[in-house]
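Q: pasted the sequence and its predicted model underneath.
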4 protein chains.
Amino acid sequence: MKPVVDKPEVGIAIVGYGGMGKAHAYAYRVAPMIEALPCAPRVRVITGRTPEAVERAARAYDIPDWSTDWRTAIERPDVDIVDVCTPPGTHPEIVEAAARAGKAIVCEKPLASSYADGLRAVTAVRQVGVLHAIGFNYRHLPAIALMKRMVDQGDVGRVQLFRAIWLTDEFSDPDTPFDWRFDRGMGGTTIADLGAHLFDLARWLVGEIDEVVTRSATFVPERPNADGRGVQAVTVDDASSALVRFVNGAQGTFEMARSCVRRPCDLTVEVNGTNGTLFFDYARLNELWYGSRADEPGLYGLRRIRAEHPSHPYAARWWPMGQGVGWDTSFVNQVCDLLVRWPDGPWTPDLEDGLEVQAICDAMERSAETKRWVAVDEIRHG
Amino acid sequence: MKPVVDKPEVGIAIVGYGGMGKAHAYAYRVAPMIEALPCAPRVRVITGRTPEAVERAARAYDIPDWSTDWRTAIERPDVDIVDVCTPPGTHPEIVEAAARAGKAIVCEKPLASSYADGLRAVTAVRQVGVLHAIGFNYRHLPAIALMKRMVDQGDVGRVQLFRAIWLTDEFSDPDTPFDWRFDRGMGGTTIADLGAHLFDLARWLVGEIDEVVTRSATFVPERPNADGRGVQAVTVDDASSALVRFVNGAQGTFEMARSCVRRPCDLTVEVNGTNGTLFFDYARLNELWYGSRADEPGLYGLRRIRAEHPSHPYAARWWPMGQGVGWDTSFVNQVCDLLVRWPDGPWTPDLEDGLEVQAICDAMERSAETKRWVAVDEIRHG
Amino acid sequence: MKPVVDKPEVGIAIVGYGGMGKAHAYAYRVAPMIEALPCAPRVRVITGRTPEAVERAARAYDIPDWSTDWRTAIERPDVDIVDVCTPPGTHPEIVEAAARAGKAIVCEKPLASSYADGLRAVTAVRQVGVLHAIGFNYRHLPAIALMKRMVDQGDVGRVQLFRAIWLTDEFSDPDTPFDWRFDRGMGGTTIADLGAHLFDLARWLVGEIDEVVTRSATFVPERPNADGRGVQAVTVDDASSALVRFVNGAQGTFEMARSCVRRPCDLTVEVNGTNGTLFFDYARLNELWYGSRADEPGLYGLRRIRAEHPSHPYAARWWPMGQGVGWDTSFVNQVCDLLVRWPDGPWTPDLEDGLEVQAICDAMERSAETKRWVAVDEIRHG
Amino acid sequence: MKPVVDKPEVGIAIVGYGGMGKAHAYAYRVAPMIEALPCAPRVRVITGRTPEAVERAARAYDIPDWSTDWRTAIERPDVDIVDVCTPPGTHPEIVEAAARAGKAIVCEKPLASSYADGLRAVTAVRQVGVLHAIGFNYRHLPAIALMKRMVDQGDVGRVQLFRAIWLTDEFSDPDTPFDWRFDRGMGGTTIADLGAHLFDLARWLVGEIDEVVTRSATFVPERPNADGRGVQAVTVDDASSALVRFVNGAQGTFEMARSCVRRPCDLTVEVNGTNGTLFFDYARLNELWYGSRADEPGLYGLRRIRAEHPSHPYAARWWPMGQGVGWDTSFVNQVCDLLVRWPDGPWTPDLEDGLEVQAICDAMERSAETKRWVAVDEIRHG
């Protein structure tokens, strides 16, 4: 008997060891089990600022090496892909450095803490010509991918209304101490943290957004420092809601809020078209609801599609019908979608998509500040 | 044995024989079975413009008399209450006439097709001093009334976010012929038809609304005439969404749309406060979802309260726990709430509430037209 | 103008003023609003043993007369229909008397406290030839009636499996004092109280039941007397479950339990056929779930039919799509179904159906006692 | 920097490359990311009868070696654990061989195709004294493990009723060709395939089962051969249902059916105790429903616990609250639960548990054949 697995290895450096670092490390580990990849991904190193913490993370995520110096780590010759999992405000600098080092880039969302900063990152990858991707992982969830397929094949007709709501209670406790998530400079707005996914889905499912009007609130204006001494001003929104016009004439409603008690991570997305409705509720992430005008009147209602049928996107590679997948599957599918195109690409969604979403985030912030409708073009054109 | 039921009769004239006329007639009939009323309601007459149709309605609703002349009908000496169930644009004139005739008034929502018209109606009842009520029937639904009780007793703390969405597919078929619902002059906007209920609940549960921004769309700009000859321009919105600021600092998101395929009448209302969340989904109208920060962490989640416990509002008068009530119960409870206060009142919600809601409707329309935030006071002050 | 309503009156005597008495009184009151009846039902009198209580009930249900002497009441010349709402053990005697008085009979379920007693009642109505009906009201619920229609038109193919579960917490508190419901002699078994409805639906939807095996438990063997002095032995089951074989080869599973905490009245019914599945959950009584083998694979799942479409049974007479009805609608529809056939009939389901269900109840009890499969024919043939 | 991961390796041979082989391979791969294991699991080899298929599986599951000779594979010195994923009828022989080779054993459920055969396997492991475990993976699902914790800590009081229903449509298409699943000799009964999990949960949550009565049906008595030539008699049940008595006096209802159209893998488990109810629906596998008699009456209902709180079993090692896990998590948690006890054990559930479940399966089959209540002891004592 001979070894059956003999694929070229692809080395990965993960920058950032928080929740996203873990999810990405997990995905690289699982991907080869789920899809016939042309290469064998190997996470070589993970980086972070605090030695003890990053070492602990390396052990926990079963990664062979760690470092507190991301610049050196991403330049290792055995590293092909730099996977950026740090707070948003630090993304552009890391992306630029990785591009200059000629590495392919996978960057978590949001791309940056501003359109201008995001543009810097995108400019760098454009100049060098490396492969790049952005972590809009929900596109890779089976039910969401099915939603996309059904919209594209006309199952709802022309989209007229889009709504997306994401409620969490991450910020609902006023005693949660200040950290980077409450700091505008690090890019931790609720608009960007939750909204970026929603705007990405809106662009993907419906089309470009033309203009927005937004209202934001910060219900807990200051928070205790982690060391218990003194407080710090919160410079991000707890909750924002927005109305938008799409270029194609559809209109959309968005809400993102991290101040909703006992709403852990409750995301819903709905599309109403001339001929049908599609509805997704993340709390039941293996399902997609669908109603068509073409249905027999006597069967009036929505179907609860079990988005696990072998004919559905991603489903056949996972488990038998009805068994269900979890959040991690979106990251694993994302890695598979990238690595099956290694090393030639193209990768999608990429940092250009991230930049477009950043423009929407910025437009929303500007609208909330100025209390007026803001065209996304205003942001794009400075 | 002597007759056990010997209460003074209260005569009612119902003006308008459509769906609302039926629901109100039903409610007067049922109310005495459900609550110990101080009086015996008797619907004496129902009116409408087309003799055949109104006679058919009188038979169908088991009403002893009918008329095509509402003015005469409401002046009948055996009529004590005039119940107005016509299209909104006709309400003010009928309310004024009823007030002048010294009759108590129950008026369906929305109050009018504009704030100015609504003010005319309210001025009339103020001058004469008759009892008056507006048909915000959802306040009288057990689960909604329980929501109110829980908000008032502090179960969610201070309200920070409110959202209400009402989706129907009433207008989703472009072949549905033109009628008064598509005619701005008759007051049939989606903002007013669906929104009026939502704004009423917002005011009741959270407080006064300060300012609004709204976006509206009319996806089907013209519709065939009922006689099949030619088309007519639709002058109302198919769908509108809005952001609002409440005077107390809470913020709200609203959506009302009649263009959502296979969404028959899907209304959700949610309140997020500093200490808890309450969520209502009309498709499960006997339930109310509740989560509290005070819950044990190990029980993290929302409770599905069966809003039928004898301790809940309205519940004890209806059926055993778990059996469930329907839409009609809101109308029956409404009649009971009014008639137990006959003839002295006060009645609530009343036309003043209707007028405040009308101000919000008008502010929303103005915002949609002018693409800016509009203070509700702008409407109130002309 | 002339009175529009001039139908012959039909007089009704309701025997028994408890929950069922109320539901029936309600239904007679509402029915004329909901369906074009050939007659005007008038509840003339309600009876019960305790004067204060029955008088209070008469007032509460808006009934003009009351009595403690049911025999006299049912013989009143202005009474055409005797509606029996007393505990099951008393039904046969009342039915016999009503039949002898030549009155039509509506009898609540279960028919009796034993097959032998039930047969006495049926024999009486057979001899006299009066109209008779049994109160299997769930047949008249829109979603259940739709289920029947869909089974009959072959939407699930040949039925192979049937399951019905009814859980309540009526008996879950051991401090609930003893009353007739705990007394075998009065017919208050859980098998009969909850099961009778389930067995009726099974017969209606699938066909006759051939044999059964049952297990029963009485978890609270004695209960305090209502006066607080001493305890009394409970002689009924708290919970029973059963397997059955249908004559046509299908098999069924049943469970009925009144000892389930926080399960107020949770009834589910499912049919699995060669080509489809139908599922009903009473907690969402306006919905019916359906899946067909003929559905596109890509839409795999169940549809949530909103059982309120105008094309559905009973729906058009009630409210607009999506508004929802409650428990009472089953009683109102039942009255309509009977009175539209007044005075010639036939009425269905009738006491013969009640007797067949009683045979199943008795077979279940015998099986639980003898720990063996029992053929329903054993009961029928003594 | 030094390598952070330097644990002793544990070699695994997976026998059988079907769906279970994949799930187990997946779990060994993921486990080190999810839990701090004392060892590094390495799947060395996978085996099967058809060379092409097993080689393809080895590639697909990213396993370095494969073989068609399981006997040789399990004896490899670099193999410490033999993981048995073949059809049930083959388990005992492989378990015996592995035990004789001194290897630890993980065996998929059901243990065998009969109690006698299962006893052979158990006798072998008893004699040799190796570690052994059985693949009742649902015990390791977070919501189910939470259910167990809550039962054990008395949250429902004394259990009175247990019900478990598992519906699939695996066998609903009569054109599905014959394979081992339809062959009694290979152990593929529905009682064993679906029921084994349910009986395990029943024993774990409630206690030992005393006696059973069962009804079985085979709706499709013969199936086409895979090569399209001729048909073969189906020797297993399509559907079975059962009533049971637990030793502690509780009673249970079970149903397992593979003939339910559009029911892909729908498993529900409910426990009703003297003080509370717990309900689990696999279609929403990250949730657990709970109601307590101690709840405030005004909050009457069930709570939808999001079984992802960091305080819940297994939850902290996975994803943030509300993100959700899938089926695979049960296998990963199972591997972790075993390997954290490597090499000393004890492991639980083990083959003794598998044997007890086998006794219940056999009792059910005997009951279905003999149409009588069968004590599980009858099976245990031959």
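A: Received the coordinates, thanks.
Q: buried residues, stretch A:345-363. List them.
A: Residues of stretch A:345-363 classed as buried under the neighbour-count rule (16 or more other C-beta atoms under 10 Å in any protein chain shown) are A:347, A:349-363. In this view, the C-beta of every residue, glycine as well, is placed from N, C-alpha and C.
Q: oh, I was asking about stretch A:46-55
A: A:46-48, A:54-55.
Q: between the two ends of it, how far is it?
A: 9 Å (C-alpha to C-alpha, to the nearest Å).
Q: stretch A:334-347 now?
A: First-to-last distance for stretch A:334-347 - C-alpha to C-alpha - comes to 10 Å.
Q: now flag whichever of the buried residues of stretch A:345-363 is closest to A:Pro313.
A: A:Pro349 (15.1 Å; C-beta to C-beta).
Q: helix, strand, or coil at the closest one?
A: coil (DSSP: H, G, I helix; E, B strand; the rest coil).
Q: again with A:Trp166
A: strand.
Q: how is chain A partitioned into domains?
A: For chain A, automatic domain parsing gives the domain ranges A:9-137, A:138-326+A:350-370.
Q: centre of the chain versus the last one, how much separation?
A: Right, domain A:138-326+A:350-370. Distance of domain A:138-326+A:350-370 from the chain centroid (C-alpha atoms, centre = their mean, to the nearest Å) equals 10 Å.
Q: follow-up on the earlier one: among the buried residues of stretch A:46-55, which pair sits farthest apart?
A: Among these, A:Thr47 and A:Glu55 lie farthest apart (C-beta to C-beta), at 11.0 Å.
Q: quick one: common contacting residues for these two?
A: A:Trp66 (C-beta atoms under 8 Å, 6 or more residues apart in numbering or on different chains).
Q: in CSV: the domains of chain A, plus distance to C:Ser367 and mean pLDDT.
A: CSV is the format used below for the domains of chain A (distance: least, C-beta to C-beta, whole Å; pLDDT from 0 to 100):
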stretch, distance to C:Ser367, mean pLDDT
domain A:9-137, 51, 97
domain A:138-326+A:350-370, 34, 97
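Q: to C:Ala192, which of the ones you listed lies closest?
A: domain A:138-326+A:350-370 (34.5 Å).
Q: what's the first-to-last distance across stretch A:119-139?
A: 23 Å.
Q: now the helices for chain A?
A: Along chain A, the stretches classed as helices by DSSP state H are A:19-34, A:51-60, A:70-75, A:91-100, A:115-128, A:142-152, A:190-193, A:195-205, A:328-339, A:351-370, A:376-380.
Q: identify the residues contacting A:Ala124.
A: Contacts of A:Ala124 (C-beta under 8 Å, 6+ apart): A:95-96, A:99-100.
Q: among those, who's most crowded?
A: A:Val95 (31 neighbours; other C-beta atoms under 10 Å in any protein chain shown).
Q: for it, which non-adjacent residue is spatially closest?
A: A:Ala121 (4.0 Å; C-beta to C-beta, 6 or more residues apart in numbering or on different chains).
Q: surely that neighbour and A:His91 touch.
A: Yes. A:Ala121 lies in contact with A:His91 (C-beta atoms under 8 Å); the separation is 6.3 Å.
Q: so what sits against both of the two?
A: A:107, A:111-112.
Q: looking at these, which is nearest D:Asp266?
A: Once C-beta to C-beta is applied, the member of those that ends up nearest D:Asp266 is A:Cys107, at 39.9 Å.
Q: could I get the buried residues of stretch A:46-55 as JSON lines with distance to A:Val247?
A: Shown next, in JSON lines, are the buried residues of stretch A:46-55 (distance: C-beta to C-beta, whole Å):
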{"residue": "A:Ile46", "distance to A:Val247": "41"}
{"residue": "A:Thr47", "distance to A:Val247": "40"}
{"residue": "A:Gly48", "distance to A:Val247": "41"}
{"residue": "A:Val54", "distance to A:Val247": "44"}
{"residue": "A:Glu55", "distance to A:Val247": "49"}
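Q: got those as JSON lines, with distance to chain B columns?
A: Formatted as JSON lines, the buried residues of stretch A:46-55 follow (distance: C-beta to the nearest C-beta, whole Å):
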{"residue": "A:Ile46", "distance to chain B": "30"}
{"residue": "A:Thr47", "distance to chain B": "33"}
{"residue": "A:Gly48", "distance to chain B": "29"}
{"residue": "A:Val54", "distance to chain B": "29"}
{"residue": "A:Glu55", "distance to chain B": "30"}
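Q: can you narrow those residues down to the ones near chain C?
A: Applying C-beta under 8 Å from any C-beta of the partner chain, the subset of these adjacent to chain C is empty.
Q: just name the closest of those to C:Val269, please.
A: A:Ile46 (54.4 Å).
Q: was I right to think that closest one contacts A:Arg59?
A: No. The pair A:Ile46 / A:Arg59 is not scored as a contact, 10.3 Å apart, by C-beta under 8 Å.
Q: distance of A:Leu167 from chain C?
A: 23 Å (C-beta to the nearest C-beta, to the nearest Å).
Q: which residue is the nearest non-sequential neighbour of A:Ile209?
A: A:Val244 is the one closest to A:Ile209 (C-beta to C-beta, 6+ apart), at 4.9 Å.
Q: same thing with A:Leu339?
A: A:Leu37 (4.8 Å).
Q: which ones are touching the closest residue to A:Ala112 other than its chain neighbours?
A: In this structure, A:Ala112 finds its nearest non-sequential neighbour in A:Gly118, 3.7 Å apart by C-beta to C-beta, 6+ apart. Residues near A:Gly118 by C-beta under 8 Å, 6+ apart: A:91-92, A:110-112, A:351, A:354-355, A:358.
Q: kindly report the same for A:Gly187.
A: A:87-89, A:91, A:110, A:112-114.
Q: and A:Ala121 and A:His91? Which one has more around it.
A: A:His91 (30 against 27).
Q: the more buried one against A:Val106, yeah?
A: No. Using C-beta under 8 Å, A:His91 makes no contact with A:Val106, being 11.2 Å away.
Q: which residues do those two both contact?
A: A:Val84.
Q: distance check, the closest residue to A:Pro51 other than its chain neighbours against A:Leu194.
A: Distances taken as C-beta to C-beta, 6+ apart put A:Thr68 closest to A:Pro51, at 5.6 Å, once the chain neighbours are dropped. Distance, A:Thr68 to A:Leu194, by C-beta to C-beta, to the nearest Å: 30 Å.
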